[in-house]
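any chance you can model this:
(4 chains)
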There are 2 protein chains.
Amino acid sequence: MGGPRFEPVRAVRAYERVVEQIEEAIEGGTLCPGQRLPSERELMVQFSVSRSTVREALRVLQARGLVRSRPGDPNGAEVLPFSPAALHKSMTTLARVAELSLAELVQFRMVLDSSAILLAARLRTDEQLAEMGVAVTRMRAAVEAGGDDFGACDVAFHDAVARASGNKLIQICTDVVRSIVLDLISEKIADAADGEALMRQSIRHHEEVIAAVRTGDGPLAARLTRQSMYDYYAGYVPPAERAALRALLE
Amino acid sequence: MGGPRFEPVRAVRAYERVVEQIEEAIEGGTLCPGQRLPSERELMVQFSVSRSTVREALRVLQARGLVRSRPGDPNGAEVLPFSPAALHKSMTTLARVAELSLAELVQFRMVLDSSAILLAARLRTDEQLAEMGVAVTRMRAAVEAGGDDFGACDVAFHDAVARASGNKLIQICTDVVRSIVLDLISEKIADAADGEALMRQSIRHHEEVIAAVRTGDGPLAARLTRQSMYDYYAGYVPPAERAALRALLE
DNA sequence: CTAGTGCACTGGTCGGACCAGTAGGCTACG
DNA sequence: CGTAGCCTACTGGTCCGACCAGTGCACTAG
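Residues are numbered from 1 along each chain as shown, chains lettered A, B, ... in the order given. Next up is the predicted model:
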């Protein structure tokens, strides 16, 4: 015979149902960033669950970076605009729990940033090119002023490149991975003996990259970016793992 | 003058402190995957907080994919081995909320997979090369058998490549982005009129890629991968956005 | 008209309670 | 003696009621 086919049922908890519904409303556009959710006491009426359940659901949504709640706020939780914070968090966890090495992270940056510059060389606007130039000018000024702001200006440059690539995913991922890398080496980066030499070399590299972007030579710009990044970060990577980084250089 | 410098204090909630402590124990290695947390009632004693607070903390940790709890389990919550599930979730949310286009996702795949094959061509072992060959062989068999398993075999190939790249982050990100892309076009991919032709072309491309990897010609393998991916996915991307994809082709 | 004060809400936390489910020990039966 | 079955002591999931410290707004007193 073979009666009706039954599927194994997964026990789905009440708070998950609440999460699903609110999540769907946000991702579907019913709830827009800036809008407010009803208060917890109102939600427990609408969902017919207790406040504990509502709160657990809100905690999950908050962990995913979709909403934020503030004590004392007469309105309910606020729907947040997208931010890569959740992505950043999970990738940071990944880096620690999955034991990502600095070499892997730097290698990933080399891949992403060189691809971004390759795209930027073809798709950039004149404003974006000018923005990259400004960032490098500020990098040079920062070195003269002692180098404290050098890192921030460097970030501004790479961010401008990532935006010029026209790919939001590349932009977000470069941003996330960059901050993780900088966080890992932040303690060593300050007291590098050859810090100023590294900065000046980095500026020269950046200028060459901009020149390549101006002429539209994407592959050259990409190659220069990989080389620049290798020169800048290889010193922090254990020698044994540098070979994998060099595999990305011609 | 100028009394002591005070810093603005951020109201930190009790459950966040609980999350921090448990998270630190897990990421620091004090708690290993498979181990159990104390029961909620035990945790509320250790942390001197109420069970509600403990539960909200556990919900956050669960949302981050660090622990899992099962009702009725005499032991406490289980510490999970790392899985990219949380990364996958946040990137899927990103794709929806930040309105990532299919073109951006495919472009990202082109970047990641071509970089993976570039690294694999230089760093692969013979076993990994053989694994890629097996996957392509199975792809061909799948086409003859009707094509239902083609997608799975294709995934196996790209996964083998990603592993051969030696970079766990690349491996994880290719996996996550690939599943998002496949999810987006899953409804269209089945009833493609020229499905079989696409599959056969894809197999030819894969064979060329393997040949390039065998001879160690990474740049060629990378170029072939980008072209193959473009040919395979361009049909699903709106014509106006295909130019950005072509920017990655020589 | 403005400055100040309540008040009515909010979210954060607590304690206690009940339920369904699980695992492992215990008992009673074969 | 071995095992099948029950029983109990836990677990997490959910609910309820309560209190507190904040916040914004309306209202009032100057």
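
residue contacts, the residue in chain A that DNA strand C sits nearest to?
Relative to DNA strand C, the nearest point of chain A is residue A:39 (3.2 Å; C-beta to the nearest atom of the strand). Backbone N, C-alpha and C define where each C-beta goes, glycine included. Neighbour list for residue A:39: A:75, A:76 [criterion: C-beta atoms under 8 Å, 6 or more residues apart in numbering or on different chains].

does residue A:125 touch residue A:166 like I think?
No - using C-beta atoms under 8 Å, residue A:125 is not in contact with residue A:166, being 9.9 Å away.

is stretch A:52-60 anywhere near chain B?
Yes - using C-beta under 8 Å from any C-beta of the partner chain, stretch A:52-60 reaches chain B at A:52, A:55, A:56, A:59, A:60.

and the furthest pair within the residues you listed?
Farthest pair in the residues of stretch A:52-60 next to chain B (C-beta to C-beta) is A:52 and A:60. Separation: 13.1 Å.

need the pLDDT of residue A:151.
Predicted confidence (pLDDT) for residue A:151: 84.

re earlier: if you count surrounding residues, which of residue A:125 and residue A:166 has more?
residue A:166 (23 against 11; other C-beta atoms under 10 Å in any protein chain shown).

contacts only, for that one.
Per C-beta under 8 Å, 6+ apart, neighbours of residue A:166: A:119, A:120, A:123, B:244.

confirm that it sits in a helix.
No - with DSSP: H, G, I helix; E, B strand; the rest coil as the criterion, residue A:166 is coil rather than part of a helix.

chain center to the helix or strand encompassing residue A:181, what's the gap?
Here residue A:181, judged by DSSP states H and E, is contained in helix A:168-184. Offset of helix A:168-184 from its chain centre (C-alpha atoms, centre = their mean, to the nearest Å): 4 Å.

just the CA atoms of that helix, as PDB, please.
In PDB, the C-alpha atoms belonging to helix A:168-184 read as follows (Å, rounded to 0.1, in the frame of the first residue of the first chain):
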ATOM      1  CA  LYS A 168      28.700  46.400  -2.600                       C
ATOM      2  CA  LEU A 169      29.600  42.900  -1.500                       C
ATOM      3  CA  ILE A 170      33.300  43.500  -2.300                       C
ATOM      4  CA  GLN A 171      33.100  46.800  -0.500                       C
ATOM      5  CA  ILE A 172      31.600  45.300   2.700                       C
ATOM      6  CA  CYS A 173      34.000  42.300   2.700                       C
ATOM      7  CA  THR A 174      37.100  44.300   2.200                       C
ATOM      8  CA  ASP A 175      36.000  46.500   5.000                       C
ATOM      9  CA  VAL A 176      35.300  43.600   7.400                       C
ATOM     10  CA  VAL A 177      38.500  41.700   6.600                       C
ATOM     11  CA  ARG A 178      40.600  44.800   6.700                       C
ATOM     12  CA  SER A 179      39.400  45.700  10.200                       C
ATOM     13  CA  ILE A 180      40.100  42.200  11.400                       C
ATOM     14  CA  VAL A 181      43.600  42.200  10.000                       C
ATOM     15  CA  LEU A 182      44.300  45.600  11.500                       C
ATOM     16  CA  ASP A 183      43.000  44.400  14.800                       C
ATOM     17  CA  LEU A 184      45.300  41.400  14.800                       C
END
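
and that helix, which residues are buried?
If you call a residue buried by 16 or more other C-beta atoms under 10 Å in any protein chain shown, then helix A:168-184 has these buried ones: A:168-181, A:184.

so for that helix, mean pLDDT?
pLDDT averaged over helix A:168-184 gives 93.

where does pLDDT dip in chain A?
Applying pLDDT under 70 to chain A picks out residues A:1-10, A:147, A:189-194.

now the longest helix anywhere in it and helix A:168-184, what's the angle there?
Counting by DSSP state H, the longest helix found in chain A is helix A:102-123. Put simply, helix A:102-123 runs at 140 degrees to helix A:168-184, going by axes from the mean of the first three to the mean of the last three C-alpha atoms, to 10 degrees.

what is whichever helix or strand comes after helix A:102-123 packed up against?
Counting by DSSP H and E, the next helix or strand C-terminal to helix A:102-123 is helix A:126-144. Packing contacts for helix A:126-144, counted by 3 or more C-beta pairs under 8 Å, 6 or more residues apart in numbering or on different chains; DSSP states H and E, involve helix A:150-164, helix A:195-214.

show me how far helix A:126-144 is from its chain's centre.
Relative to the chain's own centre, helix A:126-144 is displaced by 22 Å; criterion: C-alpha atoms, centre = their mean.

kindly report the same for stretch A:11-22.
Worked out by C-alpha atoms, centre = their mean, stretch A:11-22 lies 29 Å from the chain centre.

in it, what's buried?
Of the residues in stretch A:11-22, those buried (16+ other C-beta under 10 Å) are A:14, A:15, A:18, A:19, A:22.

quick check, residue A:114 in contact with residue A:227.
No - counting by C-beta under 8 Å, residue A:114 sits too far from residue A:227 to count as a contact (9.4 Å).

more neighbours: which of the two?
Neighbour count, other C-beta under 10 Å: between residue A:114 and residue A:227, residue A:114 has more, with 26 against 18.

and the more buried one, how far from residue B:181?
22 Å (C-beta to C-beta, to the nearest Å).

leaving out the residues flanking it, which one is nearest to the residue nearest the centre of chain A?
For chain A, residue A:176 is the residue whose C-alpha lies nearest the centre (C-alpha atoms, centre = their mean; 2.4 Å). Nearest non-adjacent residue to residue A:176, counting by C-beta to C-beta, 6 or more residues apart in numbering or on different chains: residue A:88, 4.8 Å away.

ok, the one you found touching residue A:174?
No - assessed by C-beta under 8 Å, residue A:88 is found out of contact with residue A:174, at 12.0 Å.

DNA strand D contacts on chain A?
A:13-15, A:44, A:48-53, A:56, A:70-74 (C-beta under 7 Å from any atom of the strand).

now the helix or strand where residue A:87 lies: buried residues?
Taking DSSP H and E as the criterion, residue A:87 maps to helix A:85-97. Buried residues in helix A:85-97, counting neighbours by 16+ other C-beta under 10 Å, are found at A:86, A:87, A:88, A:89, A:90, A:91, A:92, A:93, A:94, A:95, A:96, A:97.

what's it in contact with?
Residues from elsewhere that reach helix A:85-97 (C-beta under 8 Å, 6+ apart): A:63-65, A:100, A:105, A:172, A:176-177, A:179-180, A:184, B:26-27, B:64-66, B:82, B:84, B:86-87, B:89-91, B:93-94, B:169, B:172.
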